[in-house]
Each structure stands twice: as structure tokens, then as C-alpha cells.
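Asker: starting from these lines, generate the structure:
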Amino acid sequence: MDDIDPQLLRILRAVADGGSITRAAAALGSSQPAVSQLLARAERRLGHTLVLRSGQDGRGGRGATLTDAGRVLADHALHVQAALTAAREDLDAVGGLTRGRVRLAGFPSASSALVPAVLARLASTAPGVTTSYVEVEPPEALDLLRSGEVDVALTFTYVGDEVGSARTPGSSRGHSGGIRSPW
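Answerer: Residues are numbered from 1 along each chain as shown. Down below sits the predicted model:
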């Protein structure tokens with residue numbers, strides 16, 4: 001697979017779309033000689049003719065057409081480009097929550113006092129993130145967190161209450177106590 005690179009696939013797709021190496025080069029912002037050289041090297045490396053150039057297509061035309069081997073590769077270009085774009089987006093999302101979902105559970109008075117501000121801030125700083133909220137009492141919120149049905153549980157305790165450990169799925173240690181919000 002090292003011998004088939006994404007640039008070759010983009011060039012073949014551009015040749016198929018434009019009907020000539022010159023138009024393909026222009027569409028890709030490259031020079032015609034550079035594209036021709038890359039195609040020639042790829043044909044030698046792969047052991048297949050990929051493009052029929054002027055006079056080679058039996059019509060004496062000045063354009064270029066793809067061979068069967070060239071069409072096979074050009075057909076993969078759209079899928080490969082989509083996969084590369086998705087990979088780039090996923091990589092850009094690492095280190096910051098830019099898309100996905102956050103499921104919250106909280107107690108009734110948090111619904112009017114805390115949650116609206118948190119959801120508004122999240123919507124403005126991470127518009128690709130969808131949120132959901134369920135209103136439940138603290139013990140139920142912790143149960144939902146433990147079962148993985150929510151990502152965040154807003155709870156409270158009174159001084160002297162016995163506090164159970166909220167263990168998150170995949171976590172090796174429990175948490176009890178408050179979590180400070182950056183909002």
C-alpha cells in the first residue's frame with residue numbers, strides 16, 4: 001500500500017474529471033510537468049499504465065483518459081479523501097471537546113439555578129456538542145452515572161450525610177465530594 005499515495009488518487013480523480021493532465025494540474029494547483037512526472041513514476045512503481053495520453057487513446061485526441069487500472073484507483077479517491085478528512089477532524093477534536101454528546105443529570109433546584117448557565121456556556125464554546133439533561137434526585141443521578149447512562153451528575157449532600165462513592169465506568173477509583181465547574 002505504500003506505493004499508492006493519496007496524492008496519486010487525487011490526480012487520477014482530477015484527470016478523470018477534467019479529461020486532461022493540464023486541466024487536472026490546474027485544478028490541483030500544480031504544474032502539468034509535475035503531474036505528468038508523478039503519473040509516470042507511479043506507473044513504473046505500480047507496473048500498470050494509469051493514463052492514456054494524447055495519441056495513445058486511438059483517437060489521436062489531445063486529452064487524457066484513464067485506463068481500467070486508473071479508473072479503479074480514481075474510484076477510490078473519493079472514499080480515501082473522505083476518510084482522510086474524517087481522520088483530520090478526529091485528530092483536531094483530540095484535546096478538546098468539539099463534538100459529541102454530554103448527558104447530564106441533576107437535582108430539581110439545579111434545573112433552574114445551575115443547569116441553564118452550564119448548557120448555555122457549553123453551547124457557545126462547543127457548538128458541535130449535543131447535550132441532554134434529566135432531572136432526578138441525587139441518589140438516582142449517581143446511579144445513572146454509575147451505569148453510564150449520563151456523563152455528569154450534579155448532586156449535593158448535607159453535612160453528616162453518608163456519601164456513597166460515585167464510580168464512573170472504566171474508572172479505577174471513586175469520587176465523592178464536589179466538582180468545580182469552569183463556568
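Asker: elements contacting the longest helix anywhere in the chain?
Answerer: Identified as the longest helix of the chain according to DSSP state H is helix 68-93. Using 3 or more CB pairs under 8 Å, 6 or more residues apart in numbering; DSSP states H and E, the elements in contact with helix 68-93 are helix 6-18. Where C-beta positions appear, they are placed from N, C-alpha and C, glycine not excepted.
Asker: for the helix it packs on, packing partners?
Answerer: Checking 3+ CB pairs under 8 Å, 6+ apart, helix 6-18 ends up next to helix 21-28, helix 32-46, strand 65-66, helix 68-93.
Asker: P138: which of those is closest?
Answerer: Nearest of the helices and strands packed on helix 6-18 to P138, taken as CB to CB: helix 68-93 at 31.7 Å.
Asker: next secondary structure after that closest one?
Answerer: Remark: after helix 68-93, the chain's next helix or strand is strand 99-106, criterion DSSP states H and E.
Asker: in the longest helix of the chain, which residues are buried?
Answerer: The neighbour-count check on helix 68-93 (16 or more other CB atoms under 10 Å) flags 69-70, 73-74, 76-77, 80 as buried.
Asker: thank you, goodbye.
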